[in-house]
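Q: the following comprises the amino acid sequence and a computationally predicted model.
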Amino acid sequence: MIIRWPGPLFYAVIIAVIALDQLTKAWATASLEPVGSVTLIPGIFNLTYVRNTGIAFGMFAGEGLLVGLFVAVLALVAIYHLRGMSWAGWEPNVVGGGLCGGALGNMLDRWRLGHVVDFLDFHAGLHHWPVFNLADSVICVAVGWIVFRQLTESGGKKRG
């Protein structure tokens, strides 16, 4: 059966992701901004307060108009692709809700603060991953799930 609109689970996931994201960022701002960084696992994991004015991995930092246009184009492309999909079952609702919730969590920061609060800081030896947040993590997991499902779909058939 094809269902053309997201179900209640989609909206519940969006709300949960935004709430957790904003709570963790509020905590990071209150606890980490004054000290900058706290080492939790030496050589592997720190909590580091960062104001990210760019997009993923800090790209285009300080380019507010460019970032805004990029996000608007991404949103339009997503809406175009979502118009024909089926929302039956838990998977599109959880994955779609996570993707939207993560994006909205970061957009709230941009609108309210003019930057996104990042604080999860992983590194190993000389390799240092860019500092990120909960919303970024949820977005990456959702996109990873979508790619995984596209690659493992039986017979290459389109869903929907």
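A: Perfect, thanks for sending it.

Q: just checking, next helix/strand downstream of the lowest-mean-pLDDT helix or strand in the chain?
A: Of all helical and strand segments in the chain, the minimum by mean pLDDT, DSSP states H and E falls on helix 64-82, at a mean of 73. Later in the chain than helix 64-82, the nearest helix or strand by DSSP states H and E is helix 90-113.

Q: buried residues in that next one?
A: For helix 90-113, a neighbour-count test (16 or more other Cβ atoms under 10 Å) marks 92-110 as buried. Quick note: C-beta positions are derived from backbone N, CA and C, even for glycine.

Q: any low-confidence regions in this protein?
A: Applying pLDDT under 70 to the chain flags the ranges 1, 56-64, 67, 79, 81, 83, 154-160.

Q: give me that answer again for 80
A: 1-4, 54-72, 74-85, 125-127, 154-160 (pLDDT under 80).

Q: quick check: Ala16 vs Leu65, distance?
A: Using Cβ to Cβ, to the nearest Å, one gets 32 Å for the distance from Ala16 to Leu65.

Q: out of these two, which sits in the busier spot?
A: Taking neighbours as other Cβ atoms under 10 Å, Ala16 and Leu65 compare with Ala16 leading, 14 against 8.

Q: quick one, whichever strand or helix holds the more buried one and helix 90-113 angle?
A: Using DSSP H and E, Ala16 sits within helix 8-32. On the basis of axes from the mean of the first three to the mean of the last three Cα atoms, to 10 degrees, helix 8-32 is oriented at 40 degrees to helix 90-113.

Q: helix 8-32 packs against which elements?
A: strand 45-52, helix 90-113, strand 116-124, helix 134-152 (3 or more Cβ pairs under 8 Å, 6 or more residues apart in numbering; DSSP states H and E).

Q: which one of these lies closest to Trp5?
A: Of all the helices and strands packed on helix 8-32, helix 90-113 sits nearest to Trp5, with 10.3 Å by Cβ to Cβ.

Q: quick one: contacts for Ala16?
A: Gly101 (Cβ atoms under 8 Å, 6 or more residues apart in numbering).
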